[in-house]
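Novice: Dropping the sequence and predicted coords here.
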Amino acid sequence: MSHTTTEPVIEVEALSRLFGDFRAVDDISFEVYRGEVFGFLGANGAGKSTTIRILCGLLAPTSGKGRVLHYDLLSESEKVKPHVGYMSQKFSLYPDLTVNENLDFFGGIYRVPASKLDERKRWAIAMADLSGKEATLTSDLPLGFKQRLALGAALLHQPTLLFLDEPTAGVAPQARRSFWALIRTLAHQGTTVFVTSHYMDEVEQCDRIALMSRGKIIALDTALALKQHPQVPRPADGSQPTLEDVFVALLGESGVAR
């Protein structure tokens, strides 16, 4: 699906984040490679969003170490931010601004040069299939189009690493499929995509998947390898286990959407 290389763009070792006595992220270690679509699968509260906030430089880890795009998370987190795009779990655009005004605002936030902003806005509007709706209030857009617009805003500055935190939560299935087609296109073009989700069909499209529960990474591998894990029972009819079977067997949890 993507043009994955062996060059790590994220390197995490024994990373933890505590809020009081609560371990939101608990001693996790992993790498993500350039051009990879890397998925975090877990129920709500597993620690996925906290991990993304740390990797984006928005939240300091309590302990451990890590590097993102070769910048140290402890001492150079501010240098990470200009090079990554971040689409948060909750819809992040301003509903009382038009499509065009939101893109202008985020172009300023990401410091897109004035000489390039018009070109990047045209790209984002075409990508989001919003041509002719530039003057439409964002609040009046269907949810699927809002998410595509939010993706366009996160990509205005052409980041090499894109973080998507549950980007299709609440979006209709057809709109989710369309959104993932965009992700595959970005990966094919060399963008590294780090995505969290609790939809099994979505994370199955990732190059590798980390299963997260209660702040810990329980397993990390390709979808095929996870289905062949020795702790995952084979179905009685001899078919291949599903990713939900993997999730239930390894994490002991079943409250994740299909």
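Specialist: Arrived safely. Residues are numbered from 1 along each chain as shown.

Novice: how long is stretch 150-169 from one end to the other?
Specialist: 13 Å (Cα to Cα, to the nearest Å).

Novice: can you give me the strands in the stretch 1-150 of the chain?
Specialist: Assignment of strands within the stretch 1-150 of the chain using DSSP state E, counting those that start in this stretch yields the ranges 8-19, 22-33, 37-41, 63-68, 71-72, 84-87.

Novice: For A236, find the nearest of the ones you listed.
Specialist: Evaluated with Cβ to Cβ, those place strand 37-41 nearest to A236, the distance being 24.8 Å. Placement of C-beta: from N, CA and C, glycine included.

Novice: Including mean neighbour count, distance to F145 and mean pLDDT, could the strands of the stretch 1-150 of the chain go into TSV?
Specialist: Formatted as TSV, the strands of the stretch 1-150 of the chain follow (neighbours: other Cβ atoms under 10 Å; distance: least, Cβ to Cβ, whole Å; pLDDT from 0 to 100):
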stretch	mean neighbour count	distance to F145	mean pLDDT
strand 8-19	18	30	97
strand 22-33	18	29	96
strand 37-41	26	23	94
strand 63-68	19	30	96
strand 71-72	16	34	95
strand 84-87	22	14	92
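
Novice: In a markdown table: those, plus distance to F194.
Specialist: Formatted as a markdown table, the strands of the stretch 1-150 of the chain follow (distance: least, Cβ to Cβ, whole Å):
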| stretch | distance to F194 |
| --- | --- |
| strand 8-19 | 7 |
| strand 22-33 | 6 |
| strand 37-41 | 5 |
| strand 63-68 | 10 |
| strand 71-72 | 15 |
| strand 84-87 | 9 |
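
Novice: Looking at these, spot the one closest to G215.
Specialist: G215 lies closest to strand 22-33 among the strands of the stretch 1-150 of the chain, at 3.6 Å (Cβ to Cβ).

Novice: okay, the angle between the closest one and strand 63-68?
Specialist: Computed by axes from the mean of the first three to the mean of the last three Cα atoms, to 10 degrees, the angle separating strand 22-33 from strand 63-68 equals 30 degrees.

Novice: would you say P235 is within a helix?
Specialist: No. Under DSSP: H, G, I helix; E, B strand; the rest coil, P235 falls outside any helix and is assigned coil.

Novice: so what's it closest to, chain neighbours aside?
Specialist: Using Cβ to Cβ, 6 or more residues apart in numbering and skipping the chain neighbours, the partner closest in space to P235 is P241 (6.3 Å).

Novice: ok, and the closest non-adjacent residue to L59?
Specialist: Spatial nearest neighbour of L59, chain neighbours left out: R53 (4.0 Å); criterion: Cβ to Cβ, 6+ apart.

Novice: Over to S63?
Specialist: S16 (4.7 Å).

Novice: The one you found against F22, yeah?
Specialist: No. The pair S16 / F22 is not scored as a contact, 11.2 Å apart, by Cβ atoms under 8 Å.

Novice: re earlier: mind listing what the residue nearest to S63 touches?
Specialist: S16 makes contacts with R23, V25, D26, D27, I28, P61, T62, S63, G64, G215, as judged by Cβ atoms under 8 Å, 6 or more residues apart in numbering.

Novice: pretty sure the first one is in contact with G215, am I right?
Specialist: Yes. Assessed by Cβ under 8 Å, R23 is found in contact with G215 at 4.9 Å.

Novice: Give me the angle between the longest helix seen in the chain and strand 37-41.
Specialist: For the chain, the helix with the greatest residue count under DSSP state H is helix 173-188. If you take the same axes, to 10 degrees, helix 173-188 sits at 140 degrees to strand 37-41.

Novice: hang on, the earlier thing: so which of the strands of the stretch 1-150 of the chain comes closest to Q228?
Specialist: Closest to Q228 of those, according to Cβ to Cβ: strand 37-41, at 16.7 Å.

Novice: Can you give the contact residues for that closest one?
Specialist: With Cβ under 8 Å, 6+ apart, strand 37-41 has contacts from 1-2, 10, 32, 48, 51-52, 183-184, 187, 192-198, 200, 202-203, 205-212, 243, 247, 256.
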